[in-house]
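Undergrad: this one's structure only:
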């Protein structure tokens, strides 16, 4: 069941090793199982340029100075675009030309799209005050959950419950 003419955007945020990528994998698998087309964007939060295999021809093109490179094979296109700075809005604009039902974003804490926040330790609590548009929290057993939290909260081990909640949210029109 396609979501229609609009694209739903959902951000997954949390600190390092909080389970963001695992949750992204779960969401991607669920969406594709339901026949939805998914695009993803990941913020490389570790600093520096993401690692590429410099021995490959496309990387050699980049190293020679090409601003945009692409390599295609067996129906897969890998695209690399270099510019001084990338805003999330610029990337979403590029994605607008692709047929997708959902865009899942890993990271970009300061952007203003609906978010799932992952909390692993008590120090992660500050994240709840730093980000906007939180639709739910997933917490680890090591996180001391405050029972007065006004946001829907699920244990990271309650996959069936939080996945059902997230799919209800994803089906809502923006």
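TA: Sure, I can see it. The shown structure was predicted, so the numbers you read here are calculated from the model rather than taken from an experiment.

Undergrad: What is the burial count for residue 18?
TA: Applying other CB atoms under 10 Å, we find 23 residues neighbouring residue 18. For every residue, glycine as well, the C-beta is placed using N, CA and C.

Undergrad: which SS class is it?
TA: Under DSSP: H, G, I helix; E, B strand; the rest coil, residue 18 falls in the coil class.

Undergrad: give me the low-pLDDT residue ranges for the chain?
TA: Across the chain, the stretches falling below the confidence threshold (pLDDT under 70) are 1-6, 44-56, 58, 173-174.

Undergrad: what ranges do the strands span in it?
TA: Ranges of strands within the chain are 8-14, 38-42, 68-73, 76-81, 102-106, 115-119, 134-139, 153-155, based on DSSP state E.

Undergrad: just those strands: most buried one?
TA: Greatest average neighbour count among those goes to strand 115-119 (a mean of 24), per mean count of other CB atoms under 10 Å.

Undergrad: between that strand and strand 134-139, what angle do the directions make?
TA: With axes from the mean of the first three to the mean of the last three CA atoms, to 10 degrees as the basis, strand 115-119 and strand 134-139 are set at 20 degrees to each other.

Undergrad: And strand 115-119, what does it pack against?
TA: strand 8-14, helix 20-33, helix 127-130, strand 134-139 (3 or more CB pairs under 8 Å, 6 or more residues apart in numbering; DSSP states H and E).

Undergrad: will you turn those into JSON lines that also has distance to residue 77?
TA: Converted to JSON lines, the helices and strands packed on strand 115-119 look like this (distance: least, CB to CB, whole Å):
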{"stretch": "strand 8-14", "distance to residue 77": "22"}
{"stretch": "helix 20-33", "distance to residue 77": "18"}
{"stretch": "helix 127-130", "distance to residue 77": "35"}
{"stretch": "strand 134-139", "distance to residue 77": "32"}
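
Undergrad: between those, which gets nearest to residue 61?
TA: Nearest of the helices and strands packed on strand 115-119 to residue 61, taken as CB to CB: helix 20-33 at 28.3 Å.

Undergrad: Return the set of buried residues in the closest one.
TA: By 16 or more other CB atoms under 10 Å, the buried positions in helix 20-33 come out as 20, 23-24, 27-28, 31.

Undergrad: And residue 121, how far from residue 145?
TA: As judged by CB to CB, to the nearest Å, residue 121 and residue 145 stand 12 Å apart.

Undergrad: Many thanks, I have nothing further to ask.
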